[in-house]
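whatever this is, show me its structure:
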Amino acid sequence: MQSLIAVIIVAWFLSRLFWQKKKGSVNKSEFVFWLIFWLLALALILSLKWLDQLVADLGFSSSAIQVLLYLAVAVLIYFIFRIRLRLAKMEKDISKIVEHLAITKRD
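Down below sits the predicted model:
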């Protein structure tokens, strides 16, 4: 039952993704990224029994869904880190532009 609910949720997200693409809110690279992300999530959901066995064979004491959750949290933290770096670079670039404009307007 949980897998069915998860598949329905992923299908809903995929439909929203295609709708956003049709509307033009998502560019091609974003669309491909999220399409791969949701299709990978769907594949992992559909192979949970196999993943449970793999996780058990590797010696983990938790279930595959918990391992996937830990992995997802780690990936999200990585993306937040990358966004923070990008924002810091943008702030630095904006400061340089403002400084340049201030110097050129003063003259």
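
low-confidence ranges, this protein, go.
107 (pLDDT under 70).

the helices in it, which residues?
With helices called from DSSP state H, the chain shows them at 2-23, 28-46, 48-57, 64-106.

need those helices in a markdown table with mean neighbour count, can you?
C-beta here means a position set from N, CA and C on the backbone, and glycine is covered the same way. Output for these, formatted as a markdown table (neighbours: other Cβ atoms under 10 Å):
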| stretch | mean neighbour count |
| --- | --- |
| helix 2-23 | 13 |
| helix 28-46 | 14 |
| helix 48-57 | 14 |
| helix 64-106 | 11 |
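
gap between residue 31 and residue 79?
17 Å (Cβ to Cβ, to the nearest Å).

end to end, how far does stretch 38-53 reach?
From its first residue to its last, stretch 38-53 covers 23 Å (Cα to Cα, to the nearest Å).

how far away from the center of its chain is it?
Put simply, stretch 38-53 sits 17 Å off its chain's centre (Cα atoms, centre = their mean, to the nearest Å).

touching that stretch from outside, list them.
Under the contact criterion Cβ atoms under 8 Å, 6 or more residues apart in numbering, stretch 38-53 has outside partners 3, 6, 7, 10, 13, 14, 17, 63, 64, 65, 67, 68.

which residues touch the last one?
Which is residue 68. 44, 51.

let's see 7 Å
residue 44 (Cβ atoms under 7 Å, 6 or more residues apart in numbering).
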